[in-house]
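Asker: Whatever this is, show me its structure:
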Amino acid sequence: MGMKKKFAEWVKRYVPAEAVSMATTLLSAWLAHRSGGSALLVALVSTWGGNVGYYGYILIADILRSVKAHRQSGKRYTGVSAAIDFRSLVVEFGMGEIVDTLFIRPAIMYYVPQLVPGFAAGILVAKLIADVFFYIPTIIGYEMNKKWLKK
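Answerer: Numbering: from 1, shown residues only. From the prediction side, this is the model:
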């Protein structure tokens with residue numbers, strides 16, 4: 001598969017989840033900020049708020065896709081099917097998420113909004129910068145999943 005097709009596949013997979021994550025990141029950052037939270041609290045809450053939106057979307061989309069594929073092949077979606085779907089998500093997102101959530105994103109979400117004028121603009125710029133670091137290992141995991149752990 002050429003790079004153009006791979007890129008289109010990645011866009012189709014990740015952009016809708018990013019849109020949801022952007023909304024939940026902004027909402028959670030705004031709520032933490034409005035409640036009088038410190039910059040550190042805003043960084044942590046916006047990181048986790050974005051994760052809830054992102055992975056909530058990915059998980060629901062993947063389960064629906066898997067259930068549909070099982071039905072089309074005349075199979076039942078079982079606990080084993082769900083475990084395979086979960087394993088795929090761990091391979092795809094595990095390394096990127098550990099590095100992102102525990103180290104990179106909170107630091108970027110703390111410092112960048114203090115440097116960029118406007119609260120929302122700072123949060124958005126920080127999120128986009130952190131996303132670059134997140135997607136490098138995530139896309140590697142996604143491609144490994146397709147190559148070696150095909151369902």
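
Asker: And the closest residue to residue 107 other than its chain neighbours, how far from residue 63?
Answerer: Here the nearest residue to residue 107 in space, its sequence neighbours aside, is residue 43; by CB to CB, 6 or more residues apart in numbering that works out to 7.8 Å. Quick note: C-beta positions are derived from backbone N, CA and C, even for glycine. Here residue 43 is placed at a distance of 30 Å from residue 63 (CB to CB, to the nearest Å).

Asker: Then residue 118?
Answerer: To residue 63, residue 118 is 38 Å away according to CB to CB.

Asker: who's more crowded, the two?
Answerer: Using other CB atoms under 10 Å as the criterion, residue 118 and residue 63 rank with residue 63 on top: 15 against 10.

Asker: Point me to the helix or strand that includes the more buried one.
Answerer: Taking DSSP states H and E as the criterion, the element that holds residue 63 is helix 39-72.

Asker: list the helices and strands that helix packs on?
Answerer: Using 3 or more CB pairs under 8 Å, 6 or more residues apart in numbering; DSSP states H and E as the contact criterion, the elements in contact with helix 39-72 are helix 3-34, helix 79-99, helix 105-115, helix 119-148.

Asker: Out of those helices, which gets nearest to residue 58?
Answerer: In terms of CB to CB, the element of the helices and strands packed on helix 39-72 nearest to residue 58 is helix 3-34, at 5.0 Å.

Asker: Now do that closest one and helix 119-148, the angle between them.
Answerer: 140 degrees (axes from the mean of the first three to the mean of the last three CA atoms, to 10 degrees).

Asker: picking up where we left off before, any idea how far the helix holding residue 63 is from the chain center?
Answerer: When C-alpha coordinates are averaged (CA atoms, centre = their mean, to the nearest Å), helix 39-72 and its chain have centres 7 Å apart.

Asker: Can you show me the CA trace of stretch 42-55 as CSV?
Answerer: Output for stretch 42-55, consisting of C-alpha atoms alone and laid out as CSV, is shown next (Å, rounded to 0.1, in the frame of the first residue of the first chain):
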residue,chain,number,x,y,z
VAL,A,42,-5.9,22.5,33.9
ALA,A,43,-3.0,20.6,32.2
LEU,A,44,-3.9,17.3,33.9
VAL,A,45,-7.7,17.7,33.6
SER,A,46,-7.5,18.6,29.9
THR,A,47,-5.1,15.7,29.2
TRP,A,48,-7.5,13.2,30.8
GLY,A,49,-10.6,14.9,29.3
GLY,A,50,-9.2,14.7,25.8
ASN,A,51,-8.3,11.0,26.4
VAL,A,52,-11.9,10.2,27.5
GLY,A,53,-13.3,11.7,24.3
TYR,A,54,-10.6,10.2,22.0
TYR,A,55,-10.7,6.6,23.4
